[in-house]
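>>> predicted model and sequence below, questions to follow.
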Amino acid sequence: MSRKTNIIMPSDDEDARINQGISVDADNPELTADDVQAMSPAAQIVPSLASIKRVRGPQKSATKQLVSLRLDQDVLDKFKNTGPGWQTRINEALRRA
């Protein structure tokens, strides 16, 4: 089961207007590589965030079993190269087998 995402790309004129808006917005400048390099994890800046644990909600379907499985690298690469959902596709291929 794959998800289809419709991405609407801006026209060249729209893209130029967007980039112009970015360049003149002093309150929200575009990040440079140096800016990104100087960043710190949020939990380091606000230590109380470090104690927050994410919890999954209820399962929509039967809970799956976590296993360790060794696959040939070419097989793994083939599935990963198909994009997000590759683990589900492996599960479907195994079910068919």
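Arrived safely. Just so it is clear, the model here is predicted, and its values are computed rather than measured. Residues are numbered from 1 along each chain as shown.
>>> what strand or helix carries residue 43?
helix 42-45 (DSSP states H and E).
>>> helix/strand/coil for residue 82?
What DSSP: H, G, I helix; E, B strand; the rest coil gives for residue 82 is coil.
>>> so what's it closest to, chain neighbours aside?
Spatial nearest neighbour of residue 82, excluding adjacent residues (Cβ to Cβ, 6 or more residues apart in numbering): residue 89 at 6.3 Å. No exception for glycine: its C-beta is placed from N, CA and C like everyone else's.
>>> distance check, that neighbour against residue 59.
As for residue 89, its distance to residue 59 is 20 Å (criterion: Cβ to Cβ, to the nearest Å).
>>> surely residue 49 is in contact with residue 40?
No. Assessed by Cβ atoms under 8 Å, residue 49 is found out of contact with residue 40, at 11.7 Å.
>>> going by neighbour count, list what's buried in the lowest-mean-pLDDT helix or strand in the chain.
Across the helices and strands of the chain, mean confidence by mean pLDDT, DSSP states H and E is lowest for helix 42-45: a mean of 86. Buried residues in helix 42-45, counting neighbours by 16 or more other Cβ atoms under 10 Å, are absent.
>>> thanks a lot, see you next time.
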